[in-house]
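Undergrad: okay, predicted coordinates and the sequence, questions at the end:
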Amino acid sequence: MTFHALAPVRSSVVHGRAMTVAIALCAIAMGAGIPAYLAVVGDGAAAVLALPLTVALAALFFARKKTFFFLVLAARSACDLVFESIRLSVAGGGPGIGGFVNASIIGLALLVISKDDVLRRKPFLAAWAWFFCTTAYGFLLAPSKGESLRFILAWVSNFAVFYCAASFVTSMKDFRTVLRVIVASSIIPVAYGMVQVAAAGLGALSSSRVQGTFTHPNIFAFYLAFVICIVFYQLKSPLQGGGMFGKAALVAWMAVLSGMLVCTQTRSAWLVCMAMFLAFGVLFERRYLLYLLAGCCLALLVEPIRDRIIDLSAPEVVTSQTKLDSFRWRVELWTAALEWMEIKRALFGYGIGAFSENAPVFFARGDGIHWDAHNVYVQWLFDVGLLGLAAYVWIHGRLLYLLRRLSQVDRLLRFIVMVTVISYLTVSFSDNMMFYLAFNWYYWLFLGAASSLLAVPAEAARQARPEPASGRAFVVWR
């Protein structure tokens with residue numbers, strides 16, 4: 001055998017020995033590092049899994065960016081409580097895997113932007129640019145720079161999700177994948193919510209609200225209402241396909257989601273869900289008006305639902321030891337904040353986070369708690385003034401204006417998008433929607449994916465589409 005024949009064999013042997021040495025060195029390093037790692041993060045199961053999970057996500061990020069994106073979004077709804085438990089305990093607190101995931105999504109968006117034709121997304125980017133300009137001066141005025149920066153980075157991640165979805169979705173098939181990711185993301189939160197219901201018992205639902213894997217029942221409720229909307233679109237749109245078994249599974253899952261929504265006891269989420277079915281009944285299929293009426297009558301027979309609705313009209317209690325009902329409490333909080341606000345601050349506000357910072361000063365009923373406004377418009381007006389509020393509203397207004405052209409692809413999709421955006425803006429009157437990061441990711445994922453369909457050729461959607469109800473006489477069986 002010649003030297004040339006032996007060369008590949010020798011090269012292979014050398015390569016194998018090098019790999020063996022590298023693996024051995026890695027094993028030694030890991031063995032030496034594990035005690036130090038455990039000394040930092042503790043010995044809890046969640047903390048121990050933080051490093052290998054981070055490494056796995058990093059490897060997927062570099063190997064399959066699109067898969068990484070969809071996988072993170074599929075799992076994000078189940079991670080709020082997990083991220084909180086995995087938070088590293090360096091100097092009494094520090095960044096956890098949640099911060100790493102947020103940073104990775106932002107980094108992914110930067111990579112996508114660097115390779116993308118940004119000019120074709122100019123109509124959407126202009127509105128976002130104005131919003132981030134207002135957050136910049138809000139940061140400069142902020143009483144707490146750390147909390148302000150954290151808030152801004154959360155909204156940068158919202159934009160990152162929106163942009164990545166708009167870039168990754170290039171066909172109706174990709175759009176279907178996004179919808180499936182959203183629906184699949186609800187499995188673990190709903191399952192965990194069922195465990196909470198079982199633990200509390202059905203009789204305790206009148207005094208116990210289910211929050212699933214989220215940090216508050218309201219966030220879970222808005223998320224459920226959003227997923228119900230997506231599932232309903234999958235059922236009704238001929239562009240989404242699916243056989244009889246798939247449709248039956250969606251119907252069953254929508255019933256489960258609706259039951260879990262009731263258990264959250266979040267009235268505003270109930271209302272936006274009902275409004276969606278009401279609008280669909282008026283514009284598309286009139287028989288849904290009867291379904292909605294029957295559903296409301298049945299719901300009023302359920303004691304926790306009835307009590308929750310009656311609680312809204314409970315008389316005001318003026319003693320400081322007793323809380324007002326939730327609506328009047330909010331109104332009093334908003335009134336106190338706006339009366340305390342100086343006119344000269346109306347244009348630029350007091351800085352991001354100023355509302356909660358000053359709440360103990362202007363809200364006597366707050367018992368010294370740093371309350372947020374439970375109203376995006378009041379809080380954003382207080383924090384960044386009229387310019388910032390206009391920029392926030394303009395993002396959604398611009399989306400509504402541009403996405404009206406989705407009727408060329410799917411009229412029902414345009415309806416669902418409009419309902420989603422209007423519902424989001426509506427519940428922003430009574431809740432802190434800007435702070436609900438996990439929910440916001442799914443909201444912007446859907447809108448980013450929908451915006452990408454504006455570039456899909458019209459012939460890709462030349463299937464039968466549900467027509468809106470005509471102005472003719474009411475037809476029950478339609």
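TA: Sure thing, it's come through. What you see is a predicted model, and the numbers here were worked out from it, not measured in a lab.
Undergrad: burial of the spatially closest residue to L153 that is not a sequence neighbour, as a residue count?
TA: Nearest residue to L153, sequence neighbours excluded (Cβ to Cβ, 6 or more residues apart in numbering): N102, at 6.7 Å. Glycine gets a C-beta too; all of them are placed from N, C-alpha and C. If you count neighbours by other Cβ atoms under 10 Å, N102 ends up with 23.
Undergrad: kindly report the same for W155.
TA: W155: 18 surrounding residues under other Cβ under 10 Å.
Undergrad: that one contacts T135, doesn't it?
TA: Yes. Contact criterion Cβ atoms under 8 Å: W155 and T135 qualify, at 6.8 Å.
Undergrad: secondary structure element for the residue nearest to L153?
TA: Using DSSP states H and E, N102 maps to helix 97-115.
Undergrad: swap in L347?
TA: For L347, there is no helix or strand it lies in under DSSP H and E.
Undergrad: and what of the one 10 residues further on?
TA: In the assignment (DSSP H and E), E357 maps to helix 354-362.
Undergrad: residue ranges with poor pLDDT in this protein?
TA: Within the chain, the ranges that satisfy pLDDT under 70 run 1-63, 84-97, 201-207, 241-242, 304, 308-325, 456-478.
Undergrad: show me where it has its strands.
TA: Along the chain, counting by DSSP state E, no stretch forms strands.
Undergrad: who are the contact partners of the residue nearest to L153?
TA: Applying Cβ atoms under 8 Å, 6 or more residues apart in numbering to N102 gives the contacts 153-154, 157, 437.
Undergrad: by neighbour count, which of those wins?
TA: That'd be S157 among those, by other Cβ under 10 Å, with 21 neighbours.
Undergrad: distance of it relative to R150?
TA: Taking Cβ to Cβ, to the nearest Å as the measure, S157 falls 11 Å from R150.
Undergrad: hey, where'd the helices end up in the stretch 101-250 of the chain?
TA: Applying DSSP state H, counting those that start in this stretch to the stretch 101-250 of the chain gives helices spanning 122-141, 145-168, 172-184, 187-200, 217-236, 244-264.
Undergrad: for the ones you listed, which one ends up most surrounded?
TA: helix 217-236 (a mean of 24; mean count of other Cβ atoms under 10 Å).
Undergrad: that one - contacts with which helices or strands?
TA: For helix 217-236, the packing partners by 3 or more Cβ pairs under 8 Å, 6 or more residues apart in numbering; DSSP states H and E come out as helix 172-184, helix 187-200, helix 244-264, helix 267-283, helix 411-427, helix 437-452.
Undergrad: please redo it, this time with the cut-off set to 7 Å
TA: helix 172-184, helix 244-264, helix 267-283, helix 411-427, helix 437-452 (3 or more Cβ pairs under 7 Å, 6 or more residues apart in numbering; DSSP states H and E).
Undergrad: and that helix, how far out from the chain middle?
TA: Mean C-alpha position of helix 217-236 versus that of the full chain (Cα atoms, centre = their mean, to the nearest Å) differs by 11 Å.
Undergrad: compute the inter-axis angle for it and helix 267-283.
TA: 20 degrees (axes from the mean of the first three to the mean of the last three Cα atoms, to 10 degrees).
Undergrad: got the angle between helix 217-236 and helix 172-184?
TA: Angle between the axes of helix 217-236 and helix 172-184 is 140 degrees (criterion: the same axes, to 10 degrees).
Undergrad: what would the helices and strands packed on helix 217-236 look like in TSV with distance to R76?
TA: Converted to TSV, the helices and strands packed on helix 217-236 look like this (distance: least, Cβ to Cβ, whole Å):
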stretch	distance to R76
helix 172-184	10
helix 244-264	17
helix 267-283	19
helix 411-427	18
helix 437-452	6
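Undergrad: for those helices, which one sits closest to A391?
TA: Closest to A391 of the helices and strands packed on helix 217-236 is helix 411-427 (Cβ to Cβ; 14.1 Å).
Undergrad: what's that closest one in contact with?
TA: With Cβ atoms under 7 Å, 6 or more residues apart in numbering as the contact definition, helix 411-427 has outside contacts at 222, 226, 229, 233, 236-237, 268, 272, 276, 279, 283, 396, 399-400, 403-404, 406-407, 433, 443, 446, 450, 465-466.
Undergrad: report the buried residues of that helix.
TA: 411-425, 427 (16 or more other Cβ atoms under 10 Å).
Undergrad: for those, which one is nearest K247?
TA: L412 (15.2 Å).
Undergrad: please report how far that closest one lies from A225.
TA: Distance from L412 to A225, by Cβ to Cβ: 18 Å.
Undergrad: which two of the buried residues of helix 411-427 have the greatest separation?
TA: R411 and V427 (24.8 Å).
Undergrad: how big is the angle separating the helix holding E357 from helix 122-141?
TA: If you take the same axes, to 10 degrees, helix 354-362 sits at 40 degrees to helix 122-141.
Undergrad: now helix 354-362: buried residues?
TA: Counting neighbours by 16+ other Cβ under 10 Å, helix 354-362 gives 354-359, 362 as buried.
Undergrad: adding distance to F348, write those out as CSV.
TA: Output for the buried residues of helix 354-362, formatted as CSV (distance: Cβ to Cβ, whole Å):
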residue, distance to F348
A354, 11
F355, 14
S356, 18
E357, 16
N358, 15
A359, 20
F362, 18
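Undergrad: which one among those residues gets closest to L389?
TA: F355 (12.5 Å).
Undergrad: wait, isn't that closest one in contact with A337?
TA: Yes. Between F355 and A337 there is a contact under Cβ atoms under 7 Å: 6.4 Å.
Undergrad: could you pull out the residues contacting both of those two?
TA: Common neighbours of F355 and A337, using Cβ under 7 Å, 6+ apart, are 373, 382.
Undergrad: how near is D80 to F439?
TA: With Cβ to Cβ as the criterion, D80 and F439 are 10 Å apart.
Undergrad: to clarify, my last question referred to Q379.
TA: Separation of Q379 from F439 (Cβ to Cβ): 17 Å.
Undergrad: ditto for D307
TA: From D307 to F439 the distance is 26 Å (Cβ to Cβ).
Undergrad: between those two, which has more neighbouring residues?
TA: Each of D307 and F439 has its neighbours counted (other Cβ under 10 Å); F439 has more, 24 against 13.
Undergrad: what sits against that one?
TA: F439 neighbours (Cβ under 7 Å, 6+ apart): 219, 222-223.
Undergrad: run the last query once more with 8 Å
TA: Shown in contact with F439 (Cβ under 8 Å, 6+ apart): 214, 219, 222-223, 226, 433.
Undergrad: what residue, apart from its backbone neighbours, is nearest it spatially?
TA: Y223 (4.9 Å).
Undergrad: right, and the helices and strands packed on helix 217-236 - which one's nearest R64?
TA: helix 172-184 (13.7 Å).
Undergrad: then stretch 336-347 to CSV, C-alphas only?
TA: These are the backbone C-alpha positions of stretch 336-347, laid out as CSV (Å, rounded to 0.1, in the frame of the first residue of the first chain):
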residue,chain,number,x,y,z
ALA,A,336,-56.8,61.5,40.7
ALA,A,337,-53.8,61.1,38.2
LEU,A,338,-55.2,63.6,35.6
GLU,A,339,-56.1,66.2,38.2
TRP,A,340,-52.6,66.0,39.7
MET,A,341,-50.9,66.2,36.4
GLU,A,342,-49.6,69.7,35.4
ILE,A,343,-50.7,71.3,32.2
LYS,A,344,-47.0,72.0,31.2
ARG,A,345,-46.4,68.2,31.3
ALA,A,346,-49.2,67.4,28.9
LEU,A,347,-47.0,67.3,25.8
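Undergrad: cheers, nothing more for now.
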